[in-house]
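*Asks:* With the input below, show me the fold.
(one chain, ligands or ions: 1)
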Amino acid sequence: MNSDRVQSDIECATTTPFTLKGKTALMTGAGRGIGRAIARRLVDAGASVMVNDLEEMMLLESETALTQPRRVRQITGDLTEATIPEMVVHAMLSEFGALDIIVHNAGYSWDNFIQKTIDEQFQAMLEIHLVTPFRIPRAASTCICESAKKEIAANQRVMRKIVNITSIAGTDSNPGQVGCSAGKAGAIGMTKTPAKEWGRNNVNVNASGFGLIGTRLVQPITGADAKMQMHGHETRHGVQPRLLDSVKSACTLGRLGTPEEAAGAVLFFCSPLSDYATGEVLICGGSTSDGVSPGFAIEKQKDRNRRTRTHRERNLPPPQVCTTPTSARGYTPGPSHTTSGGACFLLERGEHVPKRGNSACEPPTGPTLPR
Ligand SMILES: NC(=O)c1ccc[n+]([C@@H]2O[C@H](COP(=O)([O-])OP(=O)(O)OC[C@H]3O[C@@H](n4cnc5c(N)ncnc54)[C@H](O)[C@@H]3O)[C@@H](O)[C@H]2O)c1
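*Replies:* Next up is the predicted model:
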């Protein structure tokens, strides 16, 4: 494929068969990554956009990158603080006088196995992925419902849009992401119920769910941007290069998605093209059904290192290749679980450790899970 062809494909892809001129959008987590890409799509389609994120510096960068200063406003705030969602909605209404589109994109992951997850960590995932997408529409409900009443009385059909962001961790689950999976699964409930409640007010409520998209959440683990401070805790983002390769090979399209591609799925739900779709979940994941979380990979690697160290420290003989079928060890084999043996090492103290690059032998639950 030559570069002219690639260029023209990109140009076609960004030419929209509709306009969002005159529409106003609230875009959370728009300081970087997928959020910034969605904001760009909305601005390019003609909308005025209020961008929100945690740090003003990032939002100023976004504003500059969006190159439409008259149609872009920004408001800094941590949406997990109880009063901020309402403040953001008020700021939106006082700047633009209307609210047509809300995209709940702000999010992050703070991953671990269930037995290592503290209450605060689990709660934090629910706060950002589930509670925030509840508080913002609640704060906007008077404006949305009263505007709809007037429009319907005047025989006008004006569709408003709410788009929640979920994940394959929410639709298919993901070991090591109990909080994030629960929050992202909850976001689907926060999509389907408001869709039913507000359908008669001409509000489409849908969700876009992503597989692995190339943002800082999946950057190489050594990346400078791999650490994030949140409420006094340091969380880590990033993926081992080896894991990225295995994700790519598990993905039908054979690669990670780009923020622009993820933004395309969201733009569809913000546009008139989706006026008769509501309560739906569109997965933009290159068909990656076996979830693999970066954080899970980090914890799993740390656990393997710990086991190897313990083994060496105890001066034990080298581990033997295990030939016992998985089923004979009392596990229920999962879809990708080997039952033929030889997929793991058997340590002397009876633990089964997957061979390098082979995760199939370690079940998601069961006696060999790390403590
Ligand atoms: N990248 C992926 O592979 C992937 C996969 C599935 C779902 N997602 C979801 O997509 C969304 C965007 O993720 P991304 O990959 O662009 O990540 P990102 O880290 O690049 O961007 C997320 C933005 O949200 C902001 N944010 C986080 N908590 C916030 C808060 N409390 N208040 C305000 N802003 C906050 C962050 O500061 C950041 O700028 C998230 O909801 C994420 O869970 C991403």
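
*Asks:* quick one: stretch 256-275 to chain centroid distance?
*Replies:* 14 Å (CA atoms, centre = their mean, to the nearest Å).

*Asks:* list the contacts for the single nearest residue of the stretch 51-200 of the chain relative to the ligand?
*Replies:* Of all residues in the stretch 51-200 of the chain, Gly107 sits closest to the ligand, with a separation of 2.4 Å (CB to the nearest ligand atom). Just so you know, the C-beta spots here come from the backbone N, C-alpha and C atoms, and that holds for glycine as well. Gly107 makes contact with Gly29, Ile128, His129, Ile165, according to CB atoms under 8 Å, 6 or more residues apart in numbering.

*Asks:* Against Gly179, how distant is it?
*Replies:* For Gly107, the distance to Gly179 equals 11 Å [CB to CB, to the nearest Å].

*Asks:* Could you pull out the strands in the stretch 51-200 of the chain for me?
*Replies:* Listed in chain order, the strands of the stretch 51-200 of the chain (DSSP state E, counting those that start in this stretch) span 72-76, 101-104, 160-167.

*Asks:* Can you add mean pLDDT and mean neighbour count and give these back as TSV?
*Replies:* Listed next are the strands of the stretch 51-200 of the chain as TSV, based on pLDDT from 0 to 100; neighbours: other CB atoms under 10 Å:
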stretch	mean pLDDT	mean neighbour count
strand 72-76	97	20
strand 101-104	99	28
strand 160-167	98	27
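
*Asks:* what would those strands look like in CSV with distance to Ala262?
*Replies:* Formatted as CSV, these follow (distance: least, CB to CB, whole Å):
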stretch, distance to Ala262
strand 72-76, 20
strand 101-104, 11
strand 160-167, 9
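
*Asks:* Turn these into a markdown table, columns for distance to the ligand.
*Replies:* Formatted as a markdown table, the strands of the stretch 51-200 of the chain follow (distance: least, CB to the nearest ligand atom, whole Å):
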| stretch | distance to the ligand |
| --- | --- |
| strand 72-76 | 8 |
| strand 101-104 | 8 |
| strand 160-167 | 3 |
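
*Asks:* how about the ones you listed, which one is nearest Ala25?
*Replies:* Evaluated over the strands of the stretch 51-200 of the chain, closeness to Ala25 peaks at strand 101-104, with 3.8 Å, by CB to CB.

*Asks:* What lies in contact with the closest one?
*Replies:* 20, 23-28, 35, 38, 42, 47, 132-133, 136-137, 140, 160-165, 187, 266, 270.

*Asks:* Which of these fall in helices?
*Replies:* With DSSP state H as the criterion, helices contain Gly35, Ile38, Leu42, Thr132, Pro133, Ile136, Pro137, Ala140, Ala187, Val266, Cys270 from among these.

*Asks:* All good on my end, thank you.
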